[in-house]
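Trainee: Kindly return the folded structure for what I paste below:
(2 chains)
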Amino acid sequence: MGETKNKISSTQLAFFTIQTAIGEGALTLPFGLHAISSGDGWISLLLAGITTQIIIVLIWGICRRYPELTLMDILPKLVGKLLGRVVSVLFIAYFTALASIVLLNYTRIISSWIFPTTPRWVIMALMMLTTFYLAKESLRMIVRFEVLLSSIFVILLGLVMFPLFKGNVLYLLPIGISGSGSIIKGIENAAIAMAGFELMFVIYPQIQSKDRTVLKTMMLSYVIITLFYLIIVISCFVFFSPKEMDIVPEPVLYMLKAVSFRFFERTDLIFLSFWVPIVMTSIANYVFFAATSIQKLLKVNQPTLVTFIVVMVCWLLVLMPSDVLQMETINKWFSKATLIMIYGFPILLFAVSVWKHRKNKTVVE
Amino acid sequence: MKIWCKSVSLCLLLCVLTGCWDQILLKDVRLILNTGLDEGTQENLRTTFVVVDKKSKPRLVAAEGNTPRDTRVNLAKELTRAPDTSKNRLVAIGDKMAKNKLGDILDVFYRDPKSALSAKIVIVDGKANDFLANEHKHKPDLIVNLDRQVISAEKITIVPNINLQSVLKFIHDPGQDIVLPYMGPGHSGSRVKGVALFSNQVLSGFLSDSESPIYLLLAGQMGETATFSVKTEKNTNKVGSLLTLRVYKAHSQMKLAIVDQQVQVNIQLTMKAQVEEYPQEHQFDESNVKKLNAFISAELTEDARQVIQKLQKMNCDALGIGRRLIAFHHDYWKTSNWDEVYPGIKIEPHVTVKLTRPGIIN
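Mentor: Just a heads-up that it's a prediction; the model follows:
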């Protein structure tokens, strides 16, 4: 296996990051933000964007100390062998669970919007089949495919912009009405939708550029992601009146439902068909992270088998809940876990690594 | 050989991907193109559906039930195929029915993922059933195009451009009331009669088709053009003394101030117009046009004042003044009861008309 062959450039990294971060969340984010910080949800989003940038710097700070290692190798060095293993397993569980959650929400939306009578397991199986097909490949293969797919974002943005011009800007005013407390609470919601930067932990050794370029690329990708979400959130907020927003869980689709052109009706269905591959890449990337991490941890090299196991686990996990309220509980519970995994742990690990290096330095001196 | 094997099996796999569970064939459904909602005689609701079959002409089928969905279920009992509302184009609500809260009546249209949210919605003089029956009697084939009539009225600024989806935002907006097209049965089919005004989701009154354009222009909702006929001499109505003008550009600006805890609204409407008809002998020169401009502006300002008085009397905040209060004077909005305050506030319209095109004769 040629190690140098499997490296990716910084441009590819940018597309990979965007595809990981933008997934199912884009459709429900405006609703989630509005439920907590009402018309000021977009401020929460911007603040979350800034928070994310800080965490990116922290993760990069850890990774660049170990440019040849992934998280599974870094952890034992930082926190000791046993604890390192435990945290590694936690991260693997997190990657798998995130893929499952995205699949769960995807299935819910697809089955309530397009295929109400199709059994849920079929929708999931089709999704996981394609996911498996992509995720078992090498990183380079996945990234190349995702760069190709990224052209879809232009179409999605174009469709979302349509209702933007029909909106009423007054719905955004007065700014700051929900109070700073709820704006800060809303950050949590937005931050979870932006999850994806933890990919650096897994693929950092495979990026073929200088460490500063990596940081720049990651930060720039996240600026783009934040802007993408911002456009979606604002166009929903000006299109729906504030109280209406509270009853529409998938506002992006709902506002496209009435946009019709001379030659086609029901733009929401067209939007959904373009959106499916975007979700697929999100799931596939997380399955890939889980599979590579497992292989690193167990020191095996069987991508197809491990990926298959991860895919099956995801599928089985999601088969169980079918009640919408149940899903909401799971989502809520999982969002807390996400916060700990991608915001809590990096801060902790960064502190540990700084402390260790300082100690090392004093020893050398 | 291997590639052949692969491609054949892939093609076979395609059969699995056809979405068998959720396919809906046109031959298996009866499309509903218009829906009329009335109060029922025995039960809560009576819905009239315009159903099209593959071969026969569109026909009217009425069904009663306790909820809109209920009536649809009862309709299914009378049809040979399942009714399908995904191509619904017009929802007509009888004026008695509209005395109920609009949000309660329309819920099913919003909850169903298949329903057509771009359908037009109108309030009807009398019963929606009679309205559709009248249209059906005069134009049995063209009843499927009833929504086109609303759209052409939108273009000449008689009714607002509104569909099922855009109503929802006003249903849930405390700062703006709903205004819907108002239609009625005419001598040869249906007729656009103006707009229906709502107060807190409940029908409260109407503006006639001669009053609604000035309201729509004040609200900044111009279609493509708007036409007004203005008397040029006081108190005469004889042939030839009226001037018809067509507005091709309008701009409305609302200024809102709170003076001594009193809301004061100032609406400045400027429009550019073309003379459509003015048979009197005159020259299209500067002094003449200036005189005409001033005269027409004064007339239209007076009309606007009357329309606004009507809106206030019916407690219909059709101009969205409440929404502006929420946005710019939030403290005032929170402490006042808008429903009680609105009829008494001072709204001052100013209309300025500029005749800029005489047509192709002077």
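
Trainee: and for the lowest-mean-pLDDT helix or strand in chain A, what are the contacting residues?
Mentor: Ranking every helix and strand in chain A by mean pLDDT, DSSP states H and E puts helix A:345-364 at the bottom, with a mean of 79. Identification of contacts with helix A:345-364 by C-beta atoms under 8 Å, 6 or more residues apart in numbering or on different chains yields A:55, A:58-59, A:61-62, A:65, A:74-75, A:78-79, A:87, A:91, A:198. (Each C-beta comes from the backbone N, C-alpha and C, glycine too.)

Trainee: Okay, now the unreliable bits of the chain?
Mentor: If you meant another chain, say so; for now it's chain A. A:1-5, A:262, A:321-322, A:361-365 (pLDDT under 70).

Trainee: Wait, chain B was what I had in mind.
Mentor: For chain B (pLDDT under 70), the answer is B:1, B:16-19, B:233-237, B:239, B:281-283, B:362.

Trainee: Pop the domain breakdown of it in here.
Mentor: With domains defined by automatic domain parsing, chain B comprises B:28-209, B:210-362.

Trainee: Get me the contact residues on the stretch 251-362 of chain B for chain A.
Mentor: Selection of the stretch 251-362 of chain B residues close to chain A by C-beta under 8 Å from any C-beta of the partner chain yields B:320, B:323-324, B:326-328, B:330.

Trainee: can I get these in a markdown table with secondary structure and neighbour count?
Mentor: Output for these, formatted as a markdown table (DSSP: H, G, I helix; E, B strand; the rest coil; neighbours: other C-beta atoms under 10 Å in any protein chain shown):
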| residue | secondary structure | neighbour count |
| --- | --- | --- |
| B:320 | coil | 20 |
| B:323 | helix | 22 |
| B:324 | helix | 20 |
| B:326 | helix | 25 |
| B:327 | helix | 22 |
| B:328 | helix | 15 |
| B:330 | helix | 14 |
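
Trainee: which one of those residues sits closest to chain A?
Mentor: Set against chain A, the nearest of these by C-beta to the nearest C-beta is residue B:327 (3.5 Å).

Trainee: Next one: the residue nearest to that closest one when sequence neighbours are not counted from residue A:235, what distance?
Mentor: Take residue B:327 and drop its neighbours on the chain: the residue closest to it by C-beta to C-beta, 6 or more residues apart in numbering or on different chains is residue A:173, 3.5 Å away. Distance, residue A:173 to residue A:235, by C-beta to C-beta, to the nearest Å: 16 Å.

Trainee: near chain B, which residues of the stretch 101-250 of chain A show up?
Mentor: A:112-119, A:122, A:126, A:168, A:170-171, A:173-174, A:177, A:239-244, A:247.

Trainee: on that earlier part again, could you dump the domains of chain B into JSON lines and include distance to residue A:135?
Mentor: Formatted as JSON lines, the domains of chain B follow (distance: least, C-beta to C-beta, whole Å):
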{"stretch": "domain B:28-209", "distance to residue A:135": "31"}
{"stretch": "domain B:210-362", "distance to residue A:135": "48"}
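
Trainee: Which secondary structure elements does the longest helix along chain B sit against?
Mentor: Determined from DSSP state H, the single longest helix within chain B is helix B:286-313. In terms of contacts (3 or more C-beta pairs under 8 Å, 6 or more residues apart in numbering or on different chains; DSSP states H and E), helix B:286-313 is packed against strand B:202-208, helix B:212-218, strand B:226-231, strand B:242-259, strand B:346-357.

Trainee: how about TSV for those, with mean neighbour count added?
Mentor: As requested, these are arranged in TSV below (neighbours: other C-beta atoms under 10 Å in any protein chain shown):
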stretch	mean neighbour count
strand B:202-208	18
helix B:212-218	25
strand B:226-231	18
strand B:242-259	16
strand B:346-357	18
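
Trainee: Only the buried residues of the least confident helix or strand of chain A, if you could.
Mentor: Buried residues in helix A:345-364, counted by 16 or more other C-beta atoms under 10 Å in any protein chain shown: A:345-346, A:349-350, A:353.

Trainee: of all those, which comes closest to residue A:107?
Mentor: Nearest to residue A:107 among those: residue A:345, at 28.6 Å, using C-beta to C-beta.

Trainee: any idea which helix or strand carries residue A:286?
Mentor: helix A:267-298 (DSSP states H and E).

Trainee: Give me the buried stretch members for the helix or strand just after that helix, please.
Mentor: Going down the chain from helix A:267-298, the next helix or strand is helix A:303-319, by DSSP H and E. Within helix A:303-319, the residues that count as buried by 16+ other C-beta under 10 Å are A:303, A:306-308, A:310-311, A:313-315, A:317-318.

Trainee: repeat for stretch B:136-151
Mentor: B:136, B:143-144, B:146-147, B:149-150.

Trainee: Looking at those residues, which are in helices?
Mentor: Those of the buried residues of stretch B:136-151 lying in helices (DSSP H): B:136, B:146-147, B:149-150.

Trainee: In TSV, list those residues along with distance to chain A.
Mentor: TSV is the format used below for those (distance: C-beta to the nearest C-beta, whole Å):
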residue	distance to chain A
B:136	25
B:146	17
B:147	12
B:149	18
B:150	15
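
Trainee: Tell me which two in these are the farthest apart.
Mentor: Longest span within these, C-beta to C-beta: B:136 and B:150, 16.9 Å.

Trainee: Now for residue A:161, how many residues are close by?
Mentor: 12 (other C-beta atoms under 10 Å in any protein chain shown).

Trainee: actually residue A:60, not the one I wrote
Mentor: 22.

Trainee: what helix or strand is it on?
Mentor: Counting by DSSP H and E, residue A:60 is part of helix A:41-63.

Trainee: and the next element down the chain from that helix?
Mentor: Later in the chain than helix A:41-63, the nearest helix or strand by DSSP H and E is helix A:71-79.

Trainee: which helices and strands does the following helix or strand past that following helix pack with?
Mentor: Once the chain leaves helix A:71-79, the next helix or strand it forms, by DSSP H and E, is helix A:81-113. On a contact count with 3+ C-beta pairs under 8 Å, 6+ apart, helix A:81-113 meets helix A:25-37, helix A:71-79, helix A:120-135, helix A:267-298, helix A:303-319, helix A:324-339.

Trainee: Take those helices and lay them out in a markdown table including distance to residue B:124.
Mentor: Below are the helices and strands packed on helix A:81-113 laid out as a markdown table (distance: least, C-beta to C-beta, whole Å):
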| stretch | distance to residue B:124 |
| --- | --- |
| helix A:25-37 | 35 |
| helix A:71-79 | 66 |
| helix A:120-135 | 42 |
| helix A:267-298 | 29 |
| helix A:303-319 | 48 |
| helix A:324-339 | 37 |
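
Trainee: Of all those, which one is nearest residue B:309?
Mentor: Of the helices and strands packed on helix A:81-113, nearest to residue B:309 by C-beta to C-beta is helix A:25-37, at 37.1 Å.

Trainee: export that closest one as CSV, just CAs?
Mentor: Coordinates of each C-alpha in helix A:25-37 appear next as CSV, following Å, rounded to 0.1, in the frame of the first residue of the first chain:
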residue,chain,number,x,y,z
GLY,A,25,-28.7,19.6,9.8
ALA,A,26,-29.2,22.2,7.1
LEU,A,27,-32.9,21.4,6.8
THR,A,28,-33.7,21.5,10.5
LEU,A,29,-31.3,24.0,11.8
PRO,A,30,-33.5,27.1,11.2
PHE,A,31,-36.2,25.5,13.2
GLY,A,32,-34.0,24.4,16.0
LEU,A,33,-32.4,27.8,16.3
HIS,A,34,-35.7,29.6,16.2
ALA,A,35,-37.2,27.4,18.9
ILE,A,36,-34.5,28.6,21.3
SER,A,37,-33.4,32.1,20.3
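
Trainee: Check the offset of stretch B:267-274 from the chain's centre.
Mentor: 22 Å (C-alpha atoms, centre = their mean, to the nearest Å).

Trainee: Report the buried residues of that stretch.
Mentor: When neighbours are counted by 16+ other C-beta under 10 Å, the buried residues of stretch B:267-274 are found to be B:267, B:269-274.

Trainee: Is it possible to get TSV of the residues you listed that adds secondary structure?
Mentor: Output for the buried residues of stretch B:267-274, formatted as TSV (DSSP: H, G, I helix; E, B strand; the rest coil):
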residue	secondary structure
B:267	strand
B:269	strand
B:270	strand
B:271	strand
B:272	strand
B:273	strand
B:274	strand
